[in-house]
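Student: coords please:
(one chain, ligands or ions: 1)
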Amino acid sequence: MDMKALFLILMFILGACFGSFLCCQARRIEYKNDKRKKKKLSKRSVCLECGYKLKWYDNVPIVSWLVLKGKCRKCHKKIGLGEILAEVLTGLAFLMIGTTLDMEWMSVRGTADFIITTVFLISVAFLAIYDGLYGKLPVIGLIVAIVIAVVKVITINIIVGVLDGFEPSLIYMPIASAAILGGIYLILYVTSKGKWVGDGDWLLGLAIGIALMEPWLALITLFIANVLACAVMAPVVKKTKNAKIYFGPFMVIGFVIAYTFSEFFFYALSGFYM
Ligand SMILES: [Zn+2]
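Tutor: Below you'll find the predicted structure:
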């Protein structure tokens, strides 16, 4: 089989495994903070309803969920859509980031960019899953994402600096990008007094802005995130009054699309000015 196709399949499987693992971690953290729910925790994966200890074949990402039709093997209570969504979407996100790796012409910068972006993706996937499940963004996760994004900018600067000489735009473009994505959500948060967006959204925007390293991509991410959030959340908001929109998952989806298709967006945008 074609190496690239094999690589992309592996990326999808790896992503699905991470989705499953991160979903599990998010539930563990949430249950640890809740005294009543804490008792249900175990070292092994268990059904949160009946305590059934999951066997290895109940823990295969996506496959187990489909075989069991989203229900516990023992008590038949629904596992929930969160798990399968986390597994499929994280798998797809890994696959999409995987397409950006040029395997025929592996440059030092391109390979480093791909590796650190994948690590960054794991950190923001965790935040998206947590936000999707519980409607909040844990501070420690936000800090980790920001640190990884800064490490990416520093690494790219060192590589370009050594190979081609210092490039100042690789410093101020990430700053501008972070200011756009973080700044807009901070303004929304302050002006609405936390009604429209949560208090962690601007920090997630900041992290994604830094990792994108490009103001145009920050704007595209913002656009995609808001369009998706409105499309998905509008019916929910209509039903329940005062429903808050959780931007986290949509911002991360926007990031993956903007990063994956960055070359396409550059050609499309430069066309406007020709
Ligand atoms: Zn059960």
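
Student: count of residues packed around the closest residue to L206 other than its chain neighbours?
Tutor: With Cβ to Cβ, 6 or more residues apart in numbering as the criterion, L206 has its nearest non-adjacent residue at 3.3 Å, and that residue is G182. Every C-beta, even on glycine, is put in place using the N, C-alpha and C of the backbone. The tally of other residues near G182 (other Cβ atoms under 10 Å) stands at 22.

Student: wait, G182 touches G209, no?
Tutor: Yes. Using Cβ atoms under 8 Å, G182 makes contact with G209 at a distance of 5.5 Å.

Student: can you pull the contacts of the residue nearest to L206?
Tutor: The contact partners of G182, by Cβ atoms under 8 Å, 6 or more residues apart in numbering, come to W202, L203, G205, L206, G209.

Student: tell me the spacing between it and the ion.
Tutor: To the ion, G182 is 41 Å away according to Cβ to the ion, to the nearest Å.

Student: same question, V153
Tutor: Taking Cβ to the ion, one finds V153 at 45 Å from the ion.

Student: what about the one residue in the stretch 101-250 of the chain that gets nearest to the ion, which helix or strand?
Tutor: Taking Cβ to the ion, the ion has its nearest neighbour within the stretch 101-250 of the chain at L133, 18.1 Å off. Assigned by DSSP states H and E, L133 falls within helix 108-134.

Student: and that helix, average pLDDT?
Tutor: Confidence over helix 108-134 (mean pLDDT, whole number) is 96.

Student: return the set of buried residues in the next helix or strand after that helix.
Tutor: Downstream of helix 108-134, the next assigned helix or strand under DSSP H and E is helix 139-164. In terms of neighbour count (16 or more other Cβ atoms under 10 Å), helix 139-164 has its buried residues at 141-142, 144-146, 148-149, 152-153, 156-157, 159-160.

Student: what angle separates helix 139-164 from helix 108-134?
Tutor: Calculated by axes from the mean of the first three to the mean of the last three Cα atoms, to 10 degrees, helix 139-164 forms an angle of 170 degrees with helix 108-134.

Student: remind me which residues of the stretch 151-274 of the chain are low pLDDT?
Tutor: Applying pLDDT under 70 to the stretch 151-274 of the chain flags residues 241-244, 272-274.

Student: quick one, strands of it?
Tutor: Assigned strands in the stretch 151-274 of the chain: none (criterion: DSSP state E, counting those that start in this stretch).

Student: all set, thanks.
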